[in-house]
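> Sequence and predicted model, in that order:
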Amino acid sequence: MSASEDKPVTIITGRVWREKDSESEGVHVLLVAPDDDTAVRMALEALAQEGYAEAELDQIGDMQGEPDEEPHLSAWQGAREGEIAIVTFDEPL
């Protein structure tokens, strides 16, 4: 069993912008980290590597089990394998 298999998957929710002053997208970042501070740092680094100019993170918490539907199921599985999974979506108006 790997280290990520015995730690919960952390989910961070917020908004991201590809360019400053552009339309925002909703974001869920799923990952496994030793603590919340490290999780936030890792999420921000991953978002920057994916080309997001700005991020506003709102909430952080541990997921309670495996999600039922895609794309979160694949993201959760990736996080369990050590990846940082980023799910973006259009925000409701």
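On my side now, so go ahead.
> Report pLDDT for K7.
For K7, the model assigns a pLDDT of 88.
> how many neighbours does the spatially closest residue to it that is not a sequence neighbour have?
Across the structure, with Cβ to Cβ, 6 or more residues apart in numbering as the measure, the residue nearest K7 apart from its sequence neighbours is V32 (5.0 Å). Backbone N, C-alpha and C define where each C-beta goes, glycine included. For V32, the count of nearby residues is 22 (other Cβ atoms under 10 Å).
> Run through the bridge partners of the residue nearest the centre of the chain.
Relative to the mean C-alpha position of the chain, the nearest C-alpha, by Cα atoms, centre = their mean, is the one of V29, at 0.5 Å. With DSSP bridges as the criterion, the beta-bridge partners of V29 are I12, I86.
> G61 belongs to a strand, doesn't it?
Yes. Membership of G61 in a strand is supported by DSSP: H, G, I helix; E, B strand; the rest coil.
> Spell out the secondary structure type for A55.
At A55 the chain is in strand, as set by three-state DSSP.
> which residues touch it?
Residues touching A55, when contacts are defined by Cβ atoms under 8 Å, 6 or more residues apart in numbering, comprise G14, R15, V16, W17, V27, A43, L44, L47.
> What segments of this structure are strands?
Listed in chain order, the strands found in the chain under DSSP state E are 10-17, 24-31, 54-62, 85-89.
> In the first one, which of the residues would be classed as buried?
Applying a neighbour-count criterion of 16 or more other Cβ atoms under 10 Å, one finds T10, I11, I12, G14, R15, V16 buried in strand 10-17.
> For the first one, which non-adjacent residue is closest in space?
Right, the one you point to is T10. In space, not counting the residues next to it along the chain, T10 is nearest to A39; the distance is 4.7 Å by Cβ to Cβ, 6+ apart.
> So that neighbour sits against A33, correct?
Yes. Contact between A39 and A33 holds when scored by Cβ atoms under 8 Å: they sit 3.7 Å apart.
> where do the contact lists of these two overlap?
Residues touching both A39 and A33 comprise T10, with contact defined as Cβ under 8 Å, 6+ apart.
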